[in-house]
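*Asks:* Quick one, what's the 3D model for this:
(chains A and B)
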Amino acid sequence: MRAVRVALGVVGVGLALVGVYRLLGTGLADLVDIAVFLAGGVLAHDLIVGPLAVLLAVVVLRAPARVRAPVTVGLVVLGSVTLMAVPVIAELGSRPDVPSLLPRPYAALWLVFAGVVALAVVLAVVLASRRRRRA
Amino acid sequence: MKLPRPREAAFTSSLRSPEVAARVGVWLAITFTVAFLTGVWSHLYQDQPGWLTIPTRPVWIYRVTQGLHYLSGTAAVPLLLVKLYAVYPKLFADVPLGRAKQLVLHLLERASILVLVAAAVFQLFTGVANSAEFYPWSFSFRSTHYALAWVAIGALVLHIAVKLPVIRSALTRPIEDGERPGKVLTRRGLVRTAFLASAVAVVSVAGGTVPWLRKVSVFETHDGSGPQDLPVTKSARAAEVTSLAVAPGWALEVVHGATTRRLTLADLAALPQHTERLPIACVEGWSANADWTGVRLRDLLDLVQAPAGAEVQVTSLQPRGPFRSSEVRANYARDPLTLVATRVNGEPLALDHGHPARLIAPNRPGVLQTKWLARIEAV
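*Replies:* Next comes the predicted model:
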């Protein structure tokens, strides 16, 4: 396994260096901008998303035991998909000359999406408590 | 009041475990590998290195690979978030001060993980933003996303090398190994939730490239609407071609050596017409099939006696921009499906689709399907 690990490590460093080499042609101003976005992503997770997950866990733990799991699943789905879709939901790239880009009412669709997730959570809670009563 | 520094041991949930990290990590690695390979593939089309001849069939290869690129990146977002959740306590692990060798190894590992997380988050953010054409930065998306892709995949391979014993033992143990009864989800439940969120993310955007999912794809960037039922990425206005494209004196120059033919729209219409169903697959992720009508490129090349092996440079009316011209290799130029189209879906090309004439070839990225043609030169 040691040989495999060393080989993988060498390949990994080599691949990463290809990327570094490709960045070398970039001007200083752009490199600074790239560094800002690279650091920004890490900080956004470590200082906002990570602590937010801790905070949400504290909140969920205050809820009755039978709703915790469905609520958590709902929050992970809603939260991660929303985060992924922020540029779309906020229509950040919209341009007046291209109506076929981002053509939908995304804020309203997000509300529908959140509603469907909430409905699924409620259904899961109800079904689980019925099953428990029967058992 | 001084806040206490969080410590690794303060995170007591047994969800934050190698068992969860390794299982989610495997799928995260798969999505990154698919995105990397399909991304390199897309750059090969655009860079066209001399040693590579890309086949023109099947016509849908690029549509599929670029769709996979977009969807694998989308699938990775929830997986990365859950993976980072599982390993978050490691951020607060004690640094082994005082023992030089361990300290160096510890710092090297932290540095490699910093590079991995930074590159991974960067790739997913810039990719998702690009699909919505949101550019809050000054650097070139195309070259930077490509460079950081190599950094991300390299850091991932290095990370797997470093963690291989942990990964192996976590994957060979049952997922419940050492799990304390939790108050919320089980580990198995969390891993399944990550997969569910990933699947929901994919379905929520996939309609832009998988039309039968359109009804449930609430966050797709293109819904198939647009002039002539076909979306647009670059408009005539943005390309600054409007006045040139509608000018009555427009004629397409077809050039080979000293021979030049100038063809008006009427001249083009008088040549044999062909209608082909070909996809347009945008690098931004959306794709759609359309019925294109026009003259075969090879028929135009024959008008100026271009040799069969000639490569072709097609140039747009666009005054500037990296995609104002593109290179058409000989196998593409001679393919009967490669058209200089003047009509789409039964109507004359809309201005935003490249009126008066555009290139449309099988198995080719949308950015190379040059619009608002001015000149075709065999070289």
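
*Asks:* secondary structure class for the closest residue to B:Val20 other than its chain neighbours?
*Replies:* Leaving aside its sequence neighbours, B:Val20 sits nearest to B:Ala86 (Cβ to Cβ, 6 or more residues apart in numbering or on different chains; 4.4 Å). In short, each C-beta sits where N, CA and C put it, glycine included. What DSSP: H, G, I helix; E, B strand; the rest coil gives for B:Ala86 is helix.

*Asks:* next one: B:Val314
*Replies:* Judged by three-state DSSP, the three-state class of B:Val314 is strand.

*Asks:* Who is it paired with across the strands?
*Replies:* On the basis of DSSP bridges, B:Val314 is bridged to B:Ser326, B:Ile376.

*Asks:* residues touching it, list them.
*Replies:* By Cβ atoms under 8 Å, 6 or more residues apart in numbering or on different chains, the contact list for B:Val314 reads B:325-326, B:328, B:359, B:370, B:373, B:375-377.

*Asks:* Please report the distance of it from B:Ala361.
*Replies:* As judged by Cβ to Cβ, to the nearest Å, B:Val314 and B:Ala361 stand 10 Å apart.

*Asks:* do A:Val59 as well
*Replies:* 55 Å.

*Asks:* So between the two, which is more surrounded?
*Replies:* The residue with more neighbours, out of A:Val59 and B:Ala361, is B:Ala361; 26 against 10, by other Cβ atoms under 10 Å in any protein chain shown.

*Asks:* Can you tell me what sits against stretch B:38-54?
*Replies:* B:62, B:65-66, B:68-69, B:72, B:145-146, B:149, B:283, B:327, B:329, B:331, B:363-365, B:367-368.

*Asks:* Pull out the buried residues from those residues.
*Replies:* Neighbour counting by 16 or more other Cβ atoms under 10 Å in any protein chain shown classes B:62, B:65-66, B:68-69, B:72, B:145-146, B:149, B:283, B:329, B:363-365, B:367-368 among these as buried.

*Asks:* ok, and which of those reach chain A?
*Replies:* When contact is defined as Cβ under 8 Å from any Cβ of the partner chain, the buried ones among the contacts of stretch B:38-54 meet chain A at B:146, B:149.

*Asks:* of the buried ones among the contacts of stretch B:38-54, the lowest pLDDT goes to which?
*Replies:* Across these, the bottom pLDDT score, 89, is held by B:Val283.

*Asks:* related to what we said a few turns ago, which residues are common contacts for B:Val314 and B:Ala361?
*Replies:* Both B:Val314 and B:Ala361 are in contact with B:Val328, where contact means Cβ under 8 Å, 6+ apart.

*Asks:* Okay, the residue of the stretch 201-350 of chain B found nearest chain A and B:Leu103: tell me how far apart.
*Replies:* Closest residue of the stretch 201-350 of chain B to chain A, Cβ to the nearest Cβ: B:Gly226 (3.3 Å). Separation of B:Gly226 from B:Leu103 (Cβ to Cβ): 58 Å.

*Asks:* anything in the helix or strand where A:Leu17 lies near chain B?
*Replies:* Per DSSP states H and E: A:Leu17 is located in helix A:2-24. Yes. Against chain B, helix A:2-24 shows contacts by Cβ under 8 Å from any Cβ at A:4-9, A:11-20, A:22-23.

*Asks:* Of those, just the buried ones, PyMOL syntax please.
*Replies:* Buried subset of the residues of helix A:2-24 next to chain B, written as a PyMOL selection, criterion 16+ other Cβ under 10 Å:
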select buried, chain A and resi 5+8+9+11+12+15+16+19+22+23
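
*Asks:* Mind checking the pLDDT average for stretch A:37-53?
*Replies:* Averaged across stretch A:37-53, the pLDDT comes to 97.

*Asks:* meant to ask about stretch B:152-166, not that
*Replies:* Rounded mean pLDDT across stretch B:152-166 is 97.

*Asks:* what does it rub up against?
*Replies:* Outside stretch B:152-166, the residues that touch it by Cβ under 8 Å, 6+ apart are A:1, A:4-9, A:11-19, B:18, B:22, B:29, B:32-33, B:36, B:109, B:112-113, B:115-116, B:119-120, B:122-123, B:167.

*Asks:* So which of the contacts of stretch B:38-54 belong to strands?
*Replies:* B:Glu327 (DSSP state E).

*Asks:* show me where the stretch 251-379 of chain B has strands.
*Replies:* Under the criterion DSSP state E, counting those that start in this stretch, the stretch 251-379 of chain B contains strands at B:252-256, B:259-263, B:274-281, B:287-296, B:312-316, B:325-328, B:339-344, B:347-348, B:358-360, B:373-378.

*Asks:* Any idea which of these gets closest to B:Val191?
*Replies:* Taking Cβ to Cβ, strand B:287-296 is the member of these nearest to B:Val191, at 31.8 Å.

*Asks:* list the helices and strands the closest one packs on?
*Replies:* If contacts are counted by 3 or more Cβ pairs under 8 Å, 6 or more residues apart in numbering or on different chains; DSSP states H and E, strand B:287-296 sits against helix B:61-87, strand B:274-281, strand B:339-344.

*Asks:* Please report phi then psi for the residue positioned nearest the centre of chain A.
*Replies:* Closest residue to the average C-alpha location of chain A: A:Ser80 at 3.4 Å, with Cα atoms, centre = their mean. The phi/psi pair for A:Ser80 (degrees, to the nearest 10) reads phi -70, psi -40.

*Asks:* Count residues in the vicinity of the closest residue to it other than its chain neighbours, would you?
*Replies:* Spatially, and ignoring its direct neighbours in sequence, A:Ser80 is nearest to B:Pro78 (3.7 Å; Cβ to Cβ, 6+ apart). Counted with other Cβ under 10 Å, residues neighbouring B:Pro78 total 28.

*Asks:* what's near enough to touch B:Pro78?
*Replies:* With contacts defined as Cβ under 8 Å, 6+ apart, B:Pro78 is in contact with A:76-77, A:80-81, A:84, B:194, B:197-198, B:200-201.

*Asks:* rerun that using 7 Å as the cut-off
*Replies:* Contacts here follow Cβ atoms under 7 Å, 6 or more residues apart in numbering or on different chains; on that basis B:Pro78 touches A:80-81, B:194, B:197-198, B:201.

*Asks:* out of those residues, which one sits closest to B:Pro336?
*Replies:* Taking the contacts of B:Pro78 together and measuring to B:Pro336 by Cβ to Cβ, the closest member is B:Ala201, at 39.9 Å.

*Asks:* which secondary structure element contains the closest one?
*Replies:* Here B:Ala201, judged by DSSP H and E, is contained in helix B:187-206.

*Asks:* Show residues contacting that helix.
*Replies:* Taking Cβ under 7 Å, 6+ apart as the rule, helix B:187-206 contacts A:69, A:73, A:76-77, A:80-81, A:84-85, B:15, B:17, B:19-20, B:23-24, B:71, B:74-75, B:77-79, B:82, B:175-176, B:179, B:185, B:213, B:216-220.

*Asks:* let's see 6 Å
*Replies:* Taking Cβ atoms under 6 Å, 6 or more residues apart in numbering or on different chains as the criterion, the residues outside helix B:187-206 that touch it are A:73, A:76-77, A:80-81, A:84, B:15, B:19-20, B:23-24, B:71, B:74-75, B:77-79, B:82, B:175, B:179, B:213, B:216-220.

*Asks:* Can you tell me which of those residues are buried?
*Replies:* A:73, A:76-77, A:80-81, A:84, B:15, B:19-20, B:23-24, B:71, B:74-75, B:77-79, B:82, B:175, B:179, B:213, B:217-220.

*Asks:* so B:Leu244 makes contact with B:Leu317?
*Replies:* Yes. At 4.3 Å, B:Leu244 counts as touching B:Leu317 under the criterion of Cβ atoms under 6 Å.

*Asks:* neighbour count winner among those two?
*Replies:* B:Leu317 (23 against 18).

*Asks:* Tell me the pLDDT of that one.
*Replies:* With respect to pLDDT, B:Leu317 has a value of 96.

*Asks:* ok, it - contacts?
*Replies:* B:241, B:244-245, B:372, B:374 are the contacts of B:Leu317 under Cβ under 6 Å, 6+ apart.

*Asks:* This completes my enquiry, with thanks.
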